[in-house]
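Visitor: I'd like to go over a predicted model; first the sequence, then the structure.
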Amino acid sequence: MLSVRNLAVGFQTRRGFVSAVRKLDLSLDKGEILGIVGESGSGKSVSSYALLRVLDAGGSITAGEIHYSGMDLRAISEKDMRDIRGREISMIFQNPRAALNPIRTVGSQIEDVLRRHAQASSQNAREKAIEALQAVKINDAEKRYHAYPFELSGGMCQRVVIAIALACNPQLLIADEPTTGLDITTQKAVMDLVRDLIRERGMSSILITHDLGLAAQYCDRIMVMKDGEIVEQGEPTSLFSQPSHRYTRKLVDATPREGDSIRALLPPEARTPEPARSLSTDILLDVQDLTKTYQGKSGPVQAVKGISLQIAKGQSVGLVGESGSGKSTTAEMLVRLLDPSSGSIVFNGQDIAGIAADDFARHPLRSDIQMVFQDATDSLNPRHTARQTLAEPLKRLGRLRKRELGSRIEELADLVGLPNHLLNRFPHQLSGGQKARVGIARAIALEPSLLILDEPTAALDVSIQAVVLNLLVDLRARLGMSYLFVSHDLHVVRLLCDHVVVMKGGEIVESADADSLMSNPQHPYTRELLSAAPSPPERRISARV
Amino acid sequence: MVTAITSRQCRAVLGRLAQTVPVLFGVVVISFLLTRALPGDPAAYFAGAAADADSIEQVRESLGLDKPLPQQFLIYLGDLARGDLGQSISTGQPVASDLASRLPASLELTLMALLLSCCLSIPLGVMAAMRPGSAIDHLCRVVVTAGVSLPTFFTGILLIYIFYYLLGIAPSPLGRLDFIYLEPDRITGFYLIDAAIARDWETWTGALKQLILPAITLALFTLAPIARMTRAAMLTALSSDFIRTARAAGLTERKVLFVYAFRNALLPVVTTLGMVFSFTLGANVLVEKVFAWPGIGSYAVEALVVSDYAAVQGFVLAMAVLFVLLNLCIDLLYTAIDPRIGFDAQ
Amino acid sequence: MNQSTPPTALDESVLSEAQSASNDTGFGAHLLYVLRANPVTLLAFVLFLLIVACALFGHALAPYDPLATSAGDALQPPSAQHWFGTDSVGRDVFSRVLVATRLDLSISIAAVALSFVIGSILGGIAGFWGGWLDSVLNRILDTIMAFPLFVLAMGIVAALGNTIENIIYATAIINIPFYARLVRAEVNIRRDAGFVRAARLAGNSKLRVLVIHIFPNALPPMMVQVSLNMGWAILNAAGLSFIGLGVRPPTPEWGIMVAEGANFIVSGEWWLAVFPGLWLMIAVFTFNLLGDGLRDMVDPRKRT
């Protein structure tokens, strides 16, 4: 049905011509769902844009052939290509809210496509658009017809994007990271919907994703892409059980799954034994009835509704929840950047909830509670080098002099595995993983006893996530820190934490020992979270540690 | 749902209206203070050249100028509430009627200039955005930058020199209508409209001829902000994700460009228009002086030179009210284009 | 201590990360690239240097005394002796135009510097602390912006008196809203950025965070604004002089010279108004193009 041979795509940039896709061969049968998996910069999204010839400015196909149902898609005119887009081949995108025209009702946007491809006349366009909305299981489709994208949730927007893509019954659907930015339960709902619709209509599909587990769950065949080339392809089970390429192996290893230890995320040769650490029963942090109320437009909004939790010295606690659960607000309050509305935060026997966040900056306990931020790029001052960034807490709170400062910074860099020559670079000259290391080094600079980690790996590729998570495990053992690990991903939290707290709507719904929570979840929401996460197939037994 | 949006938008507009109250009050205060600081003694002026100290004192008392400033301000507020802007020293007429008779001249000029400017700059901006980095983009940039760099008073003089002195195709740059034509009956005060209503096409042509040079002068000055904003907004819109969605759905390039990109790009452009209008009103002062245009700008300059404080106050107030009204119109327009208004506004 | 970091994995990933990280490109290299890619900006840089040279050495370079009258040489068209001709009292227009550069430039630099400083402080405070401070400042700025700005400048100069300092103050006041708004917006978007929160965790007071961490990041767009504003400030000062407010004759100043020349244009003596007007336009043009060029340089979207 679709066959691509030797496809090469490049971009004209200020540094000259950059090749994004080098040599892509691909064939897709009718009714097949093909997954293309790769990390950022692998060229997976660019390839899909090239198929539809909707590359960004400066991009062009430099070589290769694309044949679709006997048509040469590279040779046909732009006008014919437009007839194919939406009619024969459709596409859905990441970040669904941005993918919709913000000032046009969703109904009109669907009608535009229907009428463009003569699937509806002006009389029945409305009716057909509502049918399209119903097809993607949008409740109250007649009402939603008049809605603007900003009035809908992210998951709902993605359904509308799917409705637009499927309105004209195309034969091939290309889905480019369709669930990025969506909560894990929404992700499952959207993916199930897409799969069901594709099967129902006998369509073919290409799913582009960074998540090997997701691809394995929904695709018939997976291609692994790296640096613009396909390195390996095969059925999900065989790919997982017998990955032949080194990179595939690394990806398979780095994908977290039930039952594996944290070291299993790393390549076998790097799997040193986990360092021993001492757990004490002394309570380091005791939080009681913590609440936070914001003054919203329509009255007060309670973001955190009275939560209590304890962290013992050396213990790691995971705080899990989806967007809007109040987990980030809680973390901000505990790190004393935000004043709680009520409740107590007893740290090492001292109640610090009453100290205003502004004053806490000068408090002796400031260096004892530190945080690693979610987005490493955003958390580094763009005008400071890595060295300046690390010097900041050491100078302000550590009161280190010049000579001590230099050696301490280099010591920290060694500790987090950041080569010393990178210390003089600015954030934009560092890679994502390196920036994450700088952020971690800054947080541990003063050897805090409590480190709050706010989704520290959410923005990282899975192979880098594996390395960073292991680094965190090692640092914890060396420095005897307690962690509060905030995340949306139960499978990641489990790897690192002794105890897990699940939040929903500002409340704690379940709090239990990590192992028992995973094996025997009590609350329905915890169960929902667990079942929504994609479960990758078993991998080779020999990979187990 | 539809009604819900409308009431929300209504609230947003009402909130916007409420915001203009402190602004208007601030304008009144500033204009009051500013004009009291003007040099010269209005009492001496009104009393006439032959007056002695006593009669000046008398006039001062009758004008209320002997009272303390806060009290003068209250009196001024009271007068304002009655629509009394005071008497102009130089014309001897009530300021309100002076302004009313001269405002249409300024507005006709300003609106004509903005119309000209929009007709040119918006297409230019769109074309530049469609091919960023191309020759047309660079050309557009240089042309509009040159336009905004031209001092309006200089452009006016240059145009007069070329089209009146050298080529002789423009009428003499003295006012709104050559003396050979009769003023059309005043209905709106806009000569072009009044003449059209009277079906007096000769006068209409005559008025247009007078209008064209000052309008071009002003338009040149306003090309840049509008064209630049159009280009930037269009570039942003065209690089948005939803444009890719529209393209991937096979929509025609025309639909993508005009219905999807351009309508979104229009939002910042409309905002810029408000700024530009204010700029144009300011630049008007200079252009009216060059072309002897009997608008409120030249009125204000004359008043300032002789420290005619009531006239200056009235002028400043009229300008500010005009500006506030205009911004309100723009907000209403914005509400009509953007359904999100009132939703994420504070 | 138990050195247990898995060395192989870390080293390997660091290596590959280092390769994928962008190469070091200094600002100089970037500047060169922008200038090469954009000849218009290059032109603006050359013109800018020329104007600065005129301001610095204008008095020395002028062939005649800009104030010396000579009744016999009145109203002479441009010639080899008098490149830009002479005015009604026989002063050399070229010398006057050249010498005026310093005055016009000084006025605008002083005014822009003043509004830069005041606007930055106001905008920084409003953007960082928000709340009622922000609301009050916004209302004040709205009030200033509700006047047609040139008219406000006219009023201020007329009220305070006809001096060069007052032109500077007036020009500064009408420019403050632009800086205050810009800084407010730039500070506001960074107020809750990760690096700002991190700076507070490192023990910085709020004021220190604002001054050391946030403000420097707002500087690039500010510099663009400065360049664009310079042109506008020059136009403004010249405009005020043109209507008789501000610099007084016989001081050489572009606005006055155009005003004086305007009387002669209808009788065909074009050079009196055209040369100072053109010079003025070129100066403003240069700053506007420069601002545009700077915008290209600091625009992150164009930098990738």
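Guide: That came in fine, so what should we check first? Numbers count the residues shown, from 1 in each chain, chains lettered A, B, ... in the order given.
Visitor: shaky segments in chain B?
Guide: Applying pLDDT under 70 to chain B flags the ranges B:1-9, B:40, B:42, B:45-49, B:341-346.
Visitor: Can you name the residues of it sitting close to chain A?
Guide: Residues of chain B that fall close to chain A, judged by CB under 8 Å from any CB of the partner chain: B:1-2, B:132, B:239-242, B:244-253, B:255, B:259-260, B:263-264, B:267, B:337-340, B:343-344. For every residue, glycine as well, the C-beta is placed using N, CA and C.
Visitor: Need the buried ones from the residues you listed selected in PyMOL.
Guide: Selection command for PyMOL covering only the buried members of the residues of chain B next to chain A, criterion 16 or more other CB atoms under 10 Å in any protein chain shown:
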select buried, chain B and resi 132+240+241+242+244+245+246+247+248+249+250+251+255+259+260+264+267+338+339+340
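Visitor: So which of the residues of chain B next to chain A belong to helices?
Guide: Judged by DSSP state H, the residues of chain B next to chain A include B:2, B:241-242, B:244-248, B:253, B:263-264, B:267, B:337 as members of helices.
Visitor: Which two among those are spaced furthest apart?
Guide: Across these, the longest distance by CB to CB is 31.3 Å; it joins B:V2 and B:E253.
Visitor: Can you pull the phi/psi pair for the closest residue to A:V509 other than its chain neighbours?
Guide: Sequence neighbours aside, A:H523 is the residue nearest to A:V509 in space, at 4.6 Å (criterion: CB to CB, 6 or more residues apart in numbering or on different chains). In terms of degrees, to the nearest 10, the main-chain angles of A:H523 are phi -80, psi 140.
Visitor: Poorly predicted segments of chain A, please.
Guide: A:14, A:539-545.
Visitor: circling back to that earlier point, return the closest of the ones in helices among the residues of chain B next to chain A with respect to B:A100.
Guide: When these are compared against B:A100 (criterion: CB to CB), the nearest one is B:I337, at 32.8 Å.
Visitor: Flag every residue of the stretch 51-200 of chain C that's near chain A.
Guide: Counting by CB under 8 Å from any CB, the residues of the stretch 51-200 of chain C near chain A are C:A193, C:G194, C:F195, C:R197, C:A198, C:A199, C:R200.
Visitor: Nearest to A:D358 among the residues you listed?
Guide: C:R200 (8.7 Å).
Visitor: so is that closest one in a helix, a strand, or just coil?
Guide: Classification of C:R200 using DSSP: H, G, I helix; E, B strand; the rest coil returns helix.
Visitor: now the one 3 residues further on
Guide: Classification of C:G203 using three-state DSSP returns coil.
Visitor: Number of residues surrounding it?
Guide: 21 (other CB atoms under 10 Å in any protein chain shown).
Visitor: Isn't it up against A:P393?
Guide: Yes - shown here, C:G203 and A:P393 form a contact pair, counting by CB atoms under 8 Å, at 6.7 Å.
Visitor: Can you verify A:I409 is assigned to a strand?
Guide: No - counting by three-state DSSP, A:I409 is not found in a strand; it is helix.
Visitor: which residues does it contact?
Guide: Counting by CB atoms under 8 Å, 6 or more residues apart in numbering or on different chains, A:I409 touches A:R387, A:L390, A:A391, A:L394, A:L423.
Visitor: top of those by neighbour count?
Guide: A:L390 (25 neighbours).
Visitor: who touches the helix or strand that residue falls within?
Guide: Using DSSP states H and E, A:L390 sits within helix A:386-396. By CB under 8 Å, 6+ apart, the surrounding residues in contact with helix A:386-396 are A:367, A:370, A:380-381, A:384, A:400, A:405, A:408-409, A:412-413, A:418, A:422-425, A:427, A:430, A:438, A:441-442, A:445-446, C:198-199, C:201-204.
Visitor: Please check the residues you listed and keep the buried ones.
Guide: Buried among those (16+ other CB under 10 Å): A:367, A:370, A:380-381, A:384, A:400, A:405, A:408-409, A:412-413, A:418, A:422-423, A:425, A:427, A:430, A:438, A:441-442, A:445-446, C:198-199, C:201-204.
Visitor: Okay, helices next: where are they in the stretch 101-250 of chain B?
Guide: Ranges of helices within the stretch 101-250 of chain B are B:135-149, B:152-159, B:191-197, B:201-238, B:241-248, based on DSSP state H, counting those that start in this stretch.
Visitor: how about those in JSON lines, adding distance to C:R248?
Guide: Below are the helices of the stretch 101-250 of chain B laid out as JSON lines (distance: least, CB to CB, whole Å):
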{"stretch": "helix B:135-149", "distance to C:R248": "25"}
{"stretch": "helix B:152-159", "distance to C:R248": "17"}
{"stretch": "helix B:191-197", "distance to C:R248": "37"}
{"stretch": "helix B:201-238", "distance to C:R248": "26"}
{"stretch": "helix B:241-248", "distance to C:R248": "56"}
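Visitor: Can you tell me how far the residue in chain B sticking out farthest from the centre is from B:S62?
Guide: Using CA atoms, centre = their mean, the residue of chain B lying farthest from its centre is B:D54. It sits 43.9 Å away. Distance from B:D54 to B:S62, counting by CB to CB, to the nearest Å: 13 Å.
Visitor: same question, A:Y145
Guide: For A:Y145, the distance to B:S62 - CB to CB - is 70 Å.
Visitor: more crowded one of these two?
Guide: More neighbours surround A:Y145 than the other of A:Y145 and B:S62, with 20 against 12 (other CB under 10 Å).
Visitor: Output the set of residues of the stretch 101-250 of chain A in proximity to chain B.
Guide: So the stretch 101-250 of chain A meets chain B at A:101-104, A:112-113, A:116-117, A:143, A:146-148, A:150-151, A:161, A:164-165 (CB under 8 Å from any CB).
Visitor: Going through the residues you listed, which ones are buried?
Guide: A:101-104, A:112-113, A:116-117, A:147-148, A:151, A:161, A:164-165.
Visitor: care to break the chain down by domain?
Guide: Here I'm looking at chain A. A:26-44+A:76-255, A:283-532 (automatic domain parsing).
Visitor: Correction: the question concerned chain B.
Guide: B:2-81, B:95-337.
Visitor: Most tightly packed of those?
Guide: Among the domains of chain B, the stretch with the highest mean neighbour count (mean count of other CB atoms under 10 Å in any protein chain shown) is domain B:95-337, at a mean of 20.
Visitor: Start and end of that domain, how far apart?
Guide: 38 Å (CA to CA, to the nearest Å).
Visitor: coming back round to it: show me the one of the helices of the stretch 101-250 of chain B that comes nearest C:F242.
Guide: C:F242 lies closest to helix B:152-159 among those, at 4.9 Å (CB to CB).
Visitor: what about the closest one and chain C, any contact?
Guide: Yes - using CB under 8 Å from any CB, we find that helix B:152-159 touches chain C at B:T152, B:F153, B:F154, B:I157, B:L158.
Visitor: how about the residues of the stretch 201-304 of chain C near chain B?
Guide: C:231, C:235, C:238-239, C:242-245, C:255, C:258-259, C:261-262, C:265-266, C:268, C:270, C:273-274, C:277, C:280-282, C:284-285, C:288-289, C:292.
Visitor: can you tell me which of those are in strands?
Guide: Using DSSP state E, no member of those sits in strands.
Visitor: Among those, name the buried ones.
Guide: For these, buried by 16+ other CB under 10 Å: C:231, C:235, C:238-239, C:242-245, C:255, C:258-259, C:261-262, C:265, C:270, C:273-274, C:277, C:280-281, C:284-285, C:288-289, C:292.
Visitor: Relative to A:T13, which of the helices of the stretch 101-250 of chain B is closest?
Guide: helix B:201-238 (17.0 Å).
Visitor: list the helices and strands that closest one packs on?
Guide: helix B:95-130, helix B:135-149, helix B:152-159, helix B:191-197, helix B:263-290 (3 or more CB pairs under 8 Å, 6 or more residues apart in numbering or on different chains; DSSP states H and E).
Visitor: tell me what the third one is packed against?
Guide: The one in question is helix B:152-159. Using 3+ CB pairs under 8 Å, 6+ apart as the test, helix B:152-159 ends up in contact with helix B:201-238, helix B:263-290, helix C:215-242, helix C:254-265, helix C:271-298.
Visitor: Kind regards, and thank you for your time.
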